[in-house]
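Trainee: Turn this into a model:
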Amino acid sequence: MNPGIIMNVGIASLLFVSAAAATEPPPLSSVSAIWVEDGQVELTLAYEGGACEEPQRAQVTASEIFGTDTVTIPTVETAEVCTMQIVQVEFSGTIPVEPTTDTLSVIVLDPDGQPKAAGQVEIATD
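Mentor: Alright, predicted model coming up:
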């Protein structure tokens, strides 16, 4: 086989792996989930975000994995002009989940709809 082809394939593979790793959002700084009543979970989390960023209402959907629900938290900018300061942004809210759910897969979206932070948490009982 031609050494030039092998080198090109190697470089292409490295670029593909690097691009895949770059799309993985950073982990949540902290996350907890506690059953508060039938079908309701208190979700509390923090992530590194912008000083003018505000999380919105969480959206919950069933995932393909039994026992896991997906929680998506969109964010909005609270000002047109803002510093680039990174701060801990907090979210806390009660969300509806299926009674068979024991794990939440959480993703926070930036104002453009791109993944900003993500993580998983097992739901604790009170």
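Trainee: tell me the secondary structure for the closest residue to residue 110 other than its chain neighbours?
Mentor: For residue 110, ignoring the flanking residues on the chain, the nearest one in space by Cβ to Cβ, 6 or more residues apart in numbering is residue 116 at 4.3 Å. In this view, the C-beta of every residue, glycine as well, is placed from N, C-alpha and C. Secondary structure for residue 116, judged by DSSP: H, G, I helix; E, B strand; the rest coil, is strand.
Trainee: contacting residues around residue 116?
Mentor: 25-26, 47, 49, 75, 108-110 (Cβ atoms under 8 Å, 6 or more residues apart in numbering).
Trainee: which residues in this structure form helices?
Mentor: All helices of the chain, identified by DSSP state H, fall at 3-22.
Trainee: ok, how many other residues are close to residue 50?
Mentor: For residue 50, the number of neighbouring residues by other Cβ atoms under 10 Å comes to 20.
Trainee: now it: how far from residue 84?
Mentor: Look at residue 50 and residue 84: by Cβ to Cβ, to the nearest Å, they are 7 Å apart.
Trainee: can you give me the strands in the protein?
Mentor: 30-37, 40-50, 53-55, 59-62, 68-73, 75-77, 86-96, 103-109, 115-122 (DSSP state E).
Trainee: Pairing partners for the fifth one, with directions?
Mentor: Read that as strand 68-73. strand 59-62 (antiparallel), strand 103-109 (parallel) (DSSP bridges).
Trainee: same question, the third one
Mentor: Pairing partners of strand 53-55, with direction, according to DSSP bridges: strand 75-77 (antiparallel).
Trainee: Check which residues of the strand it pairs with are buried.
Mentor: Neighbour-count burial for strand 75-77, counted by 16 or more other Cβ atoms under 10 Å, picks out residue 75.
Trainee: beta partners of the closest residue to residue 39 other than its chain neighbours?
Mentor: Nearest in space to residue 39, with sequence neighbours left out and distances taken as Cβ to Cβ, 6+ apart, is residue 96 at 5.5 Å. As for beta bridges, residue 96 partners with residue 40 under DSSP bridges.
Trainee: Cool, thanks, talk later.
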